[in-house]
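Q: here is a sequence together with a model predicted from it:
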Amino acid sequence: MSRGGYPKQYLKLTGDNTLVQQTALRLGNIGDARKPIVVTNNEQRFLVAEQLRQVGVTPSSIVLEPVGRNTAPAIAIAALLALQDSPDSLLLVLPSDHVIANDDAFTAAVQAAAAIANDQYLVTFGITPTEAHAGYGYIRRGPAIAADKSAYEVDAFVEKPDAATAERFVSDGRHFWNSGMFMLRASTYLDELKRHAPDIAHHAEFALESSKRDSDFVRLNADAFDACPNVSIDYAVMEKTKRAAVIATTDLGWNDIGSWSALADIASVDDRDNTLIGDVYADATSNSYIRAEHRMVATIGLDNIVVVETADAVLVAHRDKTQDVKKIVEWLNASGRHESVTHRRVIRPWGSYEGLDQGDRFQVKRIIVNPDAQLSLQMHHHRAEHWIVVKESGQDPA
């Protein structure tokens with residue numbers, strides 16, 4: 001389901017809203033939160049704008065990165081924009097593709113982190129580990145900086161460990177999962193960025209100063225942003241600064257949904273520990289996650305599997321092997337297949353289209369036009385187009 005041009009944050013994986021919609025709506029519980037700053041790429045601009053519109057969220061800016069340069073430059077751009085609003089701006093940095101089940105606990109953690117960040121700390125949210133997970137990075141805490149020992153100086157950031165090391169991290173009580181969420185003063189982050197990664201600070205500032213605005217989008221200067229080193233905030237700043245702090249969280253219900261197995265772990269199950277979504281018939285099947293998006297899926301006599309059906313691809317995997325989906329993606333890319341990049345349904349500023357059939361000298365598409373939207377006028381010398389309007393009505397602008 002998650003593709004290069006349609007990643008998981010735009011999917012309804014855990015409810016009626018997509019992950020990016022859930023992330024944006026979660027901010028409504030924070031009383032003094034301002035309109036969000038969204039950083040994405042040019043290909044996903046209409047997708048994120050439309051999904052936010054659907055849930056009534058109006059961002060202050062949608063920043064378009066001409067190339068991906070990891071989190072340190074992206075956060076620098078957001079910090080610069082926040083400073084235009086207020087010199088005292090606090091920046092809450094959230095990945096758009098994580099699940100947080102407990103909104104009340106999240107709001108409380110944000111408020112606690114804000115108090116620490118106002119003391120000039122760059123605060124990361126540490127997740128108290130519930131298992132020895134070797135797929136996450138870890139944060140080792142140092143001395144406490146809060147009276148209730150809910151926040152600590154950061155002693156070290158640790159890359160994804162092996163299984164034995166992860167077991168030791170969980171048992172010693174000094175390590176947290178690295179969630180990739182941050183609370184920081186915009187000015188403090190930029191000061192530390194200039195100190196530890198001046199190239200990023202310089203090029204990001206020029207990329208924004210020389211950006212262009214059209215419609216709701218901020219288009220960064222491509223040459224300037226391309227010159228930014230491709231570095232995460234952890235490597236660029238957090239591992240070097242003396243201002244790094246970690247706040248301990250325990251009840252967020254956090255999950256980065258790094259695999260189908262991780263999604264299955266947090267999904268509701270029936271009396272046979274199955275999660276069945278869509279038109280599914282499961283006989284003598286247990287401990288499985290089965291999702292049908294377009295067609296009926298039936299299983300018999302299976303245990304501990306994941307089945308995901310979409311319009312143009314079907315995944316069948318043992319639940320313990322879902323991390324290896326990346327091998328399929330590598331094969332698709334090497335074979336020049338489109339399935340790793342695009343869905344059949346493609347989002348456009350006026351709506352969407354979906355390819356239904358294609359053959360020698362013909363193509364059939366289903367087109368959905370948003371209310372009051374308009375398609376560009378086209379003329380073809382060597383192609384005939386036939387339109388059938390099956391619902392509502394339209395108008396020829398000519």
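A: The structure has been received and is ready for your questions.

Q: please count neighbours and contacts with C-alpha atoms only from this point.
A: Will do.

Q: so who does the nearest residue to residue 261 once chain neighbours are set aside touch?
A: Once flanking residues are discounted, residue 261 sits nearest to residue 319: 5.7 Å by CA to CA, 6 or more residues apart in numbering. By CA atoms under 8 Å, 6 or more residues apart in numbering, residue 319 lies in contact with 260, 261, 288, 304, 305, 306.

Q: likewise for residue 183?
A: Residue 183 neighbours (CA under 8 Å, 6+ apart): 90, 91, 92, 93, 110, 113, 114, 117, 122, 123, 124, 125.

Q: and with 7 Å instead?
A: Counting by CA atoms under 7 Å, 6 or more residues apart in numbering, residue 183 touches 90, 91, 92, 93, 113, 114, 117, 122, 123, 124.

Q: just the pLDDT for the second one.
A: So the one you mean is residue 91. As predicted, residue 91 sits at a pLDDT of 98.

Q: reformat the contacts of residue 319 as JSON lines; add secondary structure and distance to residue 217.
A: Compiled in JSON lines, the contacts of residue 319 are given as follows (DSSP: H, G, I helix; E, B strand; the rest coil; distance: CA to CA, whole Å):
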{"residue": "260", "secondary structure": "helix", "distance to residue 217": "33"}
{"residue": "261", "secondary structure": "helix", "distance to residue 217": "36"}
{"residue": "288", "secondary structure": "coil", "distance to residue 217": "42"}
{"residue": "304", "secondary structure": "coil", "distance to residue 217": "45"}
{"residue": "305", "secondary structure": "strand", "distance to residue 217": "42"}
{"residue": "306", "secondary structure": "strand", "distance to residue 217": "39"}
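
Q: tabulate those (JSON lines), appending pLDDT.
A: Formatted as JSON lines, the contacts of residue 319 follow (pLDDT from 0 to 100):
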{"residue": "260", "pLDDT": "86"}
{"residue": "261", "pLDDT": "87"}
{"residue": "288", "pLDDT": "97"}
{"residue": "304", "pLDDT": "97"}
{"residue": "305", "pLDDT": "97"}
{"residue": "306", "pLDDT": "96"}
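
Q: quick check on the residues you listed: which are buried?
A: 260, 261, 288, 304, 305, 306 (16 or more other CA atoms under 10 Å).

Q: of all those, which two lie farthest apart?
A: 260 and 304 (11.9 Å; CA to CA).

Q: tell me how far the ends of stretch 159-178 are from each other?
A: Stretch 159-178 stretches 9 Å from its first residue to its last (CA to CA, to the nearest Å).

Q: buried residues in that stretch?
A: For stretch 159-178, by 16+ other CA under 10 Å, it's 160, 161, 166, 169, 170, 175, 176, 177, 178.
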